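Undergrad: Test case, fold it:
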Amino acid sequence: MNTAKHLRPLAPRQAEALTHRARGLSNRETAQAMQCSVTNVSNLLAECFYKLHARNSTDAVAKAVKHGLIQFALLTCVLSGIGADAQDQLRTRFQRRPTVRTIRIRNNREGIA
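TA: Numbering: from 1, shown residues only. This is a model prediction of the structure:
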């Protein structure tokens, strides 16, 4: 049975709330962005879960993106807040820093340190 046939389309505000959730915003941050109450956001997301047959936010976002119900560009989320010197910021943000670890040897019976 193909579940794509049974998915109901999302209302514009539901899609907006789910898109904010996909960007990693909390219900409170989503409410501020949408200029509504936190309860309204919770209700909008609950309707999304119902329409998409989703168990949680991650499942709902994955299904909505897969079926084209919301547009979500990962690149936009990664690059948000990066200014003109994006390459330098990306290089320092994702640069792997070396880790130095000190290991103490206890009860060294052979006297080798």
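
Undergrad: what about the closest residue to residue 6 other than its chain neighbours, neighbour count?
TA: Spatially, and ignoring its direct neighbours in sequence, residue 6 is nearest to residue 53 (7.3 Å; C-beta to C-beta, 6 or more residues apart in numbering). C-beta coordinates here come from the backbone N, C-alpha and C atoms, glycine included. Using other C-beta atoms under 10 Å, residue 53 has 13 other residues around it.

Undergrad: wait, residue 53 sits on residue 62?
TA: No. Using C-beta atoms under 8 Å, residue 53 is not in contact with residue 62, being 11.8 Å away.

Undergrad: mind checking the longest helix of this protein?
TA: helix 38-52 (DSSP state H).

Undergrad: tell me what that helix is packed against?
TA: helix 12-22, helix 27-34, helix 57-66 (3 or more C-beta pairs under 8 Å, 6 or more residues apart in numbering; DSSP states H and E).

Undergrad: Mean neighbour count, the ones you listed: which tops it?
TA: helix 12-22 (a mean of 20; mean count of other C-beta atoms under 10 Å).

Undergrad: Report the backbone C-alpha coordinates of that helix in PDB.
TA: This file holds the C-alpha atoms of helix 12-22, laid out as PDB (Å, rounded to 0.1, in the frame of the first residue of the first chain):
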ATOM      1  CA  PRO A  12       0.000  27.000   4.300                       C
ATOM      2  CA  ARG A  13       0.400  27.800   8.100                       C
ATOM      3  CA  GLN A  14       1.000  24.100   8.800                       C
ATOM      4  CA  ALA A  15       3.700  24.000   6.200                       C
ATOM      5  CA  GLU A  16       5.200  27.100   7.600                       C
ATOM      6  CA  ALA A  17       5.300  25.700  11.100                       C
ATOM      7  CA  LEU A  18       6.800  22.400   9.900                       C
ATOM      8  CA  THR A  19       9.400  24.400   7.900                       C
ATOM      9  CA  HIS A  20      10.400  26.300  11.100                       C
ATOM     10  CA  ARG A  21      10.700  22.900  12.900                       C
ATOM     11  CA  ALA A  22      12.900  21.600  10.000                       C
END
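
Undergrad: Cheers, nothing more for now.
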